[in-house]
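# Could you look at this predicted model? Sequence included:
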Amino acid sequence: MTWRDLLCGEPRARDIGRRLTLSGWAGHRRDHGGLVFIDLRDHTGICQLVVNPERAPAAAEEAHRVRAEFVLRAEGELVARAPDAVNPNIPTGEVELQVDTLEIVSRSEPLPFQLDEENVDEVLRLRYRWLDLRTDRMQRNLRISHTIVSAIRRSMEEQGFIDVWTPSMTKGTPEGARDFVVPVRLQPGRFFALAQAPQVFKQLFMIGGIDRYYQIATCWRDEDLRADRQFEFRQLDLELAFPTREDVLDVLERVVRDSFAVVGRTPPELPLRRLSYEEAMSRFGTDKPDLRFGLELEDATGLTRGSEFGVFAGAAEVGFIRVPQAFSRTELADLEETAKEWGAKGLAYLVYDQEGEIRSPIAKFLSEAELEAFRSEPGTTVLFAADERPIVRRVLGGLRTHLARELGLLDPERDELLWVVDFPLFQHDEDTGQWTFVHHPFTAPLPGQEELVESDPGNALSQHYDLVWNGWELGSGSIRIHDSDLQAAIFRTMGLSEEELRAKFGYLLEALRMGAPPHGGFALGLDRFIALLAGEPNIREIIAFPKVSSGGDPLTGAPTELPDELLRELGIQVLRQRD
Ligand code: ASP
């Protein structure tokens, strides 16, 4: 007894005349003048079964009972298809299995959706994920995902990194999200946090002499879910001892090159472009610029200082972009609504129509010098933002990417990867009024700026770098602080008392006092990277069992409530039941 001599996608003309057993799922079944045809499918493809009632009456009877997605085992002779029945679209299209015995191995209830159906509701797909996994799309995505992960592992190991495991259940790690927590039965009232990242552990590896660590690490972060965000996700996590910033970037560039190559995509030219945070923000209005198109931000603050147009004169900053399209009034009204979503109060514009004439309610207020500076080609609209600097950048940066999409300026064949470097070390936390980290508190300031950590935190730059691909942030990393005093200064600037500092990070400060080498590292968001390489818009498409945006899992029904007895054992009282 054998289940299969070949996989369904393997039979070829060279196998004609062989007796073969094949097993797989039943796809389309067609009855044709007594003959029954069934597409037998597995992950490698389809082989056509043909059952002739004269040759195999019992098999033919069984064939009539077959329904979609039944599991079958078929035994027979591989034969050539009649010339007019050859299907050039599939690799097995020249042959078919003339069935002698057909066994229904497993039945299927009627399906909630057909595997070749388009636009199936996503919740339904996830509810029946085991069926959805059988589709070409999911088969392709999970296999690409595997191929990329293998290439990354190879690349990392060739570069001398070793895979070391770190705990999932740990103490809160400051990565900017909320922790998921795990109650501990043996210590009621105490909780582990699920690691938001193995950040501190990988630093301890460097202090522990591991030298080059990597891991395909699962991370848990309690944040609102989006197309590119799940509660749990994987990252290529790495850390190296004695690196320069360029050493770290080089490791990642090799990983990117090897990952592109393994999926047959042209790798980007290396080294990748480096752009400072300030340049990214001033030219593109964002720290993850999409460089596949222009529409760069221009500054008019100096020029409009004494403008007769009050909105310009009174604004802290005035910026603009030139868009190669003479928009209509309705289009401009829509754009204004869009701009307001990013915080704009209105949207001033100058339209240069095809004749080069200006259409704009503000033109009459502008001086010759202003008009000269804004003058653009016929068929262009100049869009302005006048406000505080962060709002100007957010609005124009948002309009820039929005319009590139709307106007079809994105070349799907083009890939633009870059490094954004020299981020600020701290930012102001609106809620607490305190300084907080931009990356995480273990990030080192730029060399020579250590003093600023306490004297002028808002002006300190850091050795933090981000990898950006077509406007998506793929990951972040930094050179770390390896000096305990400097690390303590960072925590103090963040408003931690000596006591909190000891309670939360005492072990790290202690480790930093026992021979800590300079070190740095990175984490590449793997799900997003793979989704982009696979051409999928949503990371849920490359994750086998993702959660939906409400945070639940339609397949298992998780999360669920716990029985009272278990809660008691854990020392937990639930104050608010789910409605
Ligand atoms: N721990 C950081 C993160 O998960 C990455 C790093 O700095 O290496 O984003």
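Right, received. Where do you want to start? Residues are numbered from 1 along each chain as shown.

# Contact residues of the stretch 101-250 of the chain facing the ligand?
Neighbours of the ligand within the stretch 101-250 of the chain, by CB under 6 Å from any ligand atom: E175, A197, Q199. Where C-beta positions appear, they are placed from N, C-alpha and C, glycine not excepted.

# Which one (most neighbours) among those residues?
Using other CB atoms under 10 Å as the neighbour test, those are led by Q199, with 24 neighbours.

# can you tell me which residues contact it?
T173, E175, H440, F442 (CB atoms under 8 Å, 6 or more residues apart in numbering).

# between those, which is nearest R540?
When those are compared for distance to R540 (CB to CB), E175 wins out at 21.7 Å.

# Does that closest one touch H440 like I think?
Yes - E175 is within contact range of H440, at 5.8 Å (criterion: CB atoms under 8 Å).

# okay, now the nearest residue to A373 once chain neighbours are set aside: neighbour count?
For A373, ignoring the flanking residues on the chain, the nearest one in space by CB to CB, 6 or more residues apart in numbering is L303 at 5.5 Å. Counted by other CB under 10 Å, the residues lying close to L303 total 18.

# Then A348?
A348: 21 surrounding residues under other CB under 10 Å.

# Excluding residues flanking it in the chain, which one is nearest it?
F384 (4.2 Å).

# again with E103
R73 (4.4 Å).

# re earlier: and the contacts of Q199 as a markdown table, adding secondary structure, distance to H146 and pLDDT?
As requested, the contacts of Q199 are arranged in a markdown table below (DSSP: H, G, I helix; E, B strand; the rest coil; distance: CB to CB, whole Å; pLDDT from 0 to 100):
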| residue | secondary structure | distance to H146 | pLDDT |
| --- | --- | --- | --- |
| T173 | coil | 28 | 79 |
| E175 | coil | 27 | 82 |
| H440 | coil | 30 | 90 |
| F442 | coil | 32 | 96 |
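
# Could you pick out the buried ones from those residues?
With neighbours counted by 16 or more other CB atoms under 10 Å, the contacts of Q199 contain buried members at T173, E175, H440, F442.

# in a helix, that's where R154 is, yeah?
Yes - under DSSP: H, G, I helix; E, B strand; the rest coil, R154 sits within a helix.

# mind checking pLDDT for the spatially closest residue to it that is not a sequence neighbour?
The shortest distance from R154 to any residue other than its chain neighbours is 7.1 Å, reached at D258 (CB to CB, 6+ apart). On pLDDT, D258 comes in at 97.

# Check Q577 too.
61.

# hang on, the earlier thing: a markdown table for the contacts of Q199, including distance to F374?
Below are the contacts of Q199 laid out as a markdown table (distance: CB to CB, whole Å):
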| residue | distance to F374 |
| --- | --- |
| T173 | 49 |
| E175 | 43 |
| H440 | 42 |
| F442 | 45 |
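
# re the thing from before, for the residue nearest to E103, what are its contacts?
W3, R4, T21, L22, S23, L102, E103, V105.

# One more: H519?
For H519, the contact set (CB under 8 Å, 6+ apart) comprises Q203, M206, I207, E239, L240, A241, F242, P243, I479, R480, H482.

# What is the burial count for the closest residue to it other than its chain neighbours?
Once flanking residues are discounted, H519 sits nearest to M206: 3.8 Å by CB to CB, 6+ apart. Residues lying near M206 (other CB under 10 Å) number 25.

# again, but for A523
A523 has 24 neighbouring residues, counting by other CB under 10 Å.

# what about E61, helix or strand, and which?
Assigned by DSSP states H and E, E61 belongs to helix 57-65.

# Give the buried residues for that helix.
The neighbour-count criterion (16+ other CB under 10 Å) identifies A59, A60, E62, A63 as the buried residues of helix 57-65.

# Model confidence for the first one, exactly?
Looking at A59, its pLDDT stands at 98.

# Make sure it is actually in contact with Q98.
No - judged on CB under 8 Å, A59 makes no contact with Q98 at a distance of 10.1 Å.

# related to what we said a few turns ago, pretty sure the residue nearest to R154 is in a strand, no?
No - counting by three-state DSSP, D258 is not part of a strand but helix.

# Can you tell me how far it is from D132?
30 Å (CB to CB, to the nearest Å).

# what helix or strand does R73 sit in?
Assigned by DSSP H and E, R73 belongs to strand 71-80.

# partner residues bridging R73?
Bridge pairing for R73 (DSSP bridges) gives the partners S23, E103.

# thinking again about what came up before, tabulate the buried residues of helix 57-65 in JSON lines, adding columns for distance to the ligand.
Converted to JSON lines, those look like this (distance: CB to the nearest ligand atom, whole Å):
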{"residue": "A59", "distance to the ligand": "57"}
{"residue": "A60", "distance to the ligand": "60"}
{"residue": "E62", "distance to the ligand": "55"}
{"residue": "A63", "distance to the ligand": "55"}
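
# Mind telling me the two of those farthest from one another?
The span of those, defined through CB to CB, is set by A60 and E62 at 7.3 Å.

# The ligand contacts on this protein?
Going by CB under 6 Å from any ligand atom, the residues of the chain near the ligand are E175, A197, Q199, H440, S476, G477, S478, G521, F522, A523.

# Adding distance to I572 and secondary structure as columns, could you present those residues in TSV?
Output for the residues of the chain next to the ligand, formatted as TSV (distance: CB to CB, whole Å; DSSP: H, G, I helix; E, B strand; the rest coil):
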residue	distance to I572	secondary structure
E175	25	coil
A197	26	coil
Q199	28	helix
H440	30	coil
S476	35	strand
G477	37	strand
S478	37	strand
G521	36	strand
F522	37	strand
A523	32	strand
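
# just curious, which of the residues you listed is nearest to M494?
Nearest to M494 out of the residues of the chain next to the ligand is H440 (CB to CB; 10.9 Å).

# Contacts only, for the closest one.
H440 makes contact with P174, E175, G176, Q199, S478, according to CB under 8 Å, 6+ apart.

# now the second one, nearest residue through space, not along the chain?
Looking back up the chat, that one is E175. Per CB to CB, 6+ apart, closest to E175 is Q196, 3.9 Å.
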